[in-house]
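1. sequence plus predicted model, see below.
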Amino acid sequence: MPIKVGLVGCGAIGFEIASAIDRGDVNADLAAVFDRNPKNMNRLIEAMRNKPEVVELEELAELSDIVVEAASQAAVPQVAEAALKRGKDIMIMSVGALMDRELYRRICSMAESSGGRVYIPSGAITGLDGLKSASVGRLKRVVLTSTKPPASLEGAPYVVEKNMDLRSFREPTLIYEGPASEAVRAFPANVNVAATLSLTYGQDAWVRIVVDPKATVNVHEVVAEGDFGRMVTRVENVPSPRNPRTSYLAALSAIATLRNATLNVRIGT
Ligand SMILES: NC(=O)C1=CN([C@@H]2O[C@H](COP(=O)(O)OP(=O)(O)OC[C@H]3O[C@@H](n4cnc5c(N)ncnc54)[C@H](OP(=O)(O)O)[C@@H]3O)[C@@H](O)[C@H]2O)C=CC1
Ligand SMILES: O=C([O-])CC(=O)C(=O)O
C-alpha cells in the first residue's frame, strides 16, 4: 500500500520530493500540498502527472499518513502540531526550529502520546550515521564548518544586521562562529544541518561559516571527537537549481528518508 504524503512547502526540496513520488521512486502518493507562495505551488502542481489536492494545513494532515515540512523554521510548530495531534508521522527539514528546546520537548511529547513518528533526515551533511553510533558512547566535540558562495548566504539575518557586503570578499573568510542554537537564528536557511548534528550530539555543535567568493559548491565539514576516536567528513554539495542556499543532497536525503519509511529492510545506522 503506498503511503499518503502531505507536503508543506513547494520550493527547492518540496519540488524534488514531489517529483520523486510522481516518478514512482518512492512507494507513496502525493495526497495534498500547501504553500503560502502560490507561484511555487502552481509550478509544482503543473509539473506533476498525478495532481495533488490543494488544501489548508489541518486538512492536509487529515489526508496524509506522513506530513513533510519543507517550508521554513517558522512553519515547524504549526505543521508538527497538525500532524502529531492526529497521530500522523512528520518529516522535518527546517530542523533549526528544534533548537528551541521547549518546542523540541513539545514535539517529542506529542509524538510519544499520539504514536506519530518524527523523521529528521541527514540533509546536506555526511557522517550522521557514524555520529549516531559514536553518540552512544561519549562525544567530546562536534564542529561544523560550512563554506558557501556569497549568493548562498545573501539575506541571512546576521549578514543583514552586520550590513555585510558579501561580494567584497576576495578570499575565503570566516564570517561567523558560535553555538548551533545561535547559528540557526543568524543563518536560518543555511545551517539547519547544525541543528541535526546537535540533536544527535545531545548538546550544541560549534558552527563556523566561511564565505568563499570563488566557491561553486556548498561545503560542509564535520569534525567529531569522542571515546570512539576522531571523525572528519566533508561534502562538496551542488546547490539546488531552484534555491542556491539549499544543496541538492538535502532533497535527496529527504527522498531517501521517505523511501526508508516505506521499507521493511533498512540499511545504515
Ligand atoms: N535539513 C537540511 O539539511 C536542510 C534544510 N533546509 C531547509 O528546508 C526548508 C525548505 O528548503 P527549500 O525547499 O530550499 O526552501 P524554498 O525557499 O525553496 O521553499 C520553501 C517554500 O515554502 C514556503 N513557505 C515558507 N514558510 C511557509 C509557511 N509558514 N507556510 C507555508 N509555506 C511556507 C516558501 O514560500 P516563500 O517563497 O513565500 O518563502 C517556499 O515556497 C528551509 O527551511 C531550508 O532552510 C534546506 C537545506 C538543507
Ligand atoms: O543545503 C545546505 O547546504 C545546508 C542548508 O542549507 C541548511 O542546513 O539549512
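-> Received the coordinates, thanks. Ligands and ions are numbered 1, 2, ... in the order given.

2. bridging residues for residue 208?
-> Residue 208 has these beta-bridge partners by DSSP bridges: residue 145, residue 177.

3. how many other residues sit next to it?
-> By other CB atoms under 10 Å, 18 other residues sit near residue 208. Yep, even glycine has a C-beta here, placed from its N, CA and C like the rest.

4. contacting residues for it?
-> Applying CB atoms under 8 Å, 6 or more residues apart in numbering, we find residue 208 in contact with 143-146, 174, 176-177.

5. helices of the protein, residue ranges please.
-> 12-23, 38-47, 57-63, 76-84, 101-114, 128-134, 150-153, 157-161, 180-186, 192-201, 248-261 (DSSP state H).

6. quick revisit: Throw the contacts of residue 208 into TSV and include pLDDT, thanks.
-> TSV is the format used below for the contacts of residue 208 (pLDDT from 0 to 100):
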residue	pLDDT
143	98
144	98
145	98
146	98
174	98
176	98
177	98
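
7. buried only: go through those for me.
-> The neighbour-count test (16 or more other CB atoms under 10 Å) marks 143-146, 176 as buried among the contacts of residue 208.

8. I'd like those laid out as JSON lines, including distance to residue 41.
-> Shown next, in JSON lines, are the buried ones among the contacts of residue 208 (distance: CB to CB, whole Å):
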{"residue": "143", "distance to residue 41": "38"}
{"residue": "144", "distance to residue 41": "32"}
{"residue": "145", "distance to residue 41": "35"}
{"residue": "146", "distance to residue 41": "29"}
{"residue": "176", "distance to residue 41": "33"}
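
9. which bits of the stretch 1-150 of the chain sit near ligand 2?
-> Contact residues (CB under 6 Å from any ligand atom) of the stretch 1-150 of the chain with ligand 2: 123-124.

10. could you list the residues of the stretch 1-150 of the chain in contact with ligand 1?
-> Taking CB under 6 Å from any ligand atom as the measure of proximity, the stretch 1-150 of the chain contacts ligand 1 at 8-14, 35-37, 40, 70-75, 93-95, 123-124.

11. give the PyMOL command for selecting the buried subset of those residues.
-> Buried members of these, defined by 16+ other CB under 10 Å, are picked up in PyMOL with:
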select buried, resi 8+9+10+11+12+13+14+35+40+70+71+72+73+75+93+94+95+123+124
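
12. closest one of the contacts of residue 208 to ligand 2?
-> Of all the contacts of residue 208, ligand 2 sits closest to residue 146, with 6.9 Å by CB to the nearest ligand atom.

13. once you drop chain neighbours, what's closest to residue 237?
-> Nearest non-adjacent residue to residue 237, counting by CB to CB, 6 or more residues apart in numbering: residue 247, 3.4 Å away.

14. alpha carbons of stretch 22-42, as CSV, please.
-> C-alpha atoms of stretch 22-42 as CSV (Å, rounded to 0.1, in the frame of the first residue of the first chain):
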residue,chain,number,x,y,z
ASP,A,22,5.4,11.2,-9.2
ARG,A,23,8.1,9.2,-11.0
GLY,A,24,7.4,6.2,-8.7
ASP,A,25,10.8,6.3,-6.9
VAL,A,26,9.0,6.1,-3.6
ASN,A,27,6.1,3.8,-2.8
ALA,A,28,3.9,6.8,-2.0
ASP,A,29,1.1,9.0,-3.3
LEU,A,30,1.3,12.8,-3.0
ALA,A,31,-2.1,13.3,-1.5
ALA,A,32,-2.0,17.1,-0.8
VAL,A,33,0.2,20.2,-0.9
PHE,A,34,0.2,23.5,0.9
ASP,A,35,2.4,26.6,0.4
ARG,A,36,2.0,30.3,1.1
ASN,A,37,3.7,31.0,-2.2
PRO,A,38,1.1,30.4,-5.0
LYS,A,39,3.8,30.6,-7.7
ASN,A,40,5.8,27.8,-6.3
MET,A,41,2.8,25.7,-5.5
ASN,A,42,1.2,26.1,-9.0
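
15. how about the contacts made by residue 219?
-> Counting by CB under 8 Å, 6+ apart, residue 219 touches 145-148, 234-237.

16. in strands only, show me those residues.
-> Cross-referencing those against strands under DSSP state E gives 145-148, 234-237.

17. understood, closing this out.
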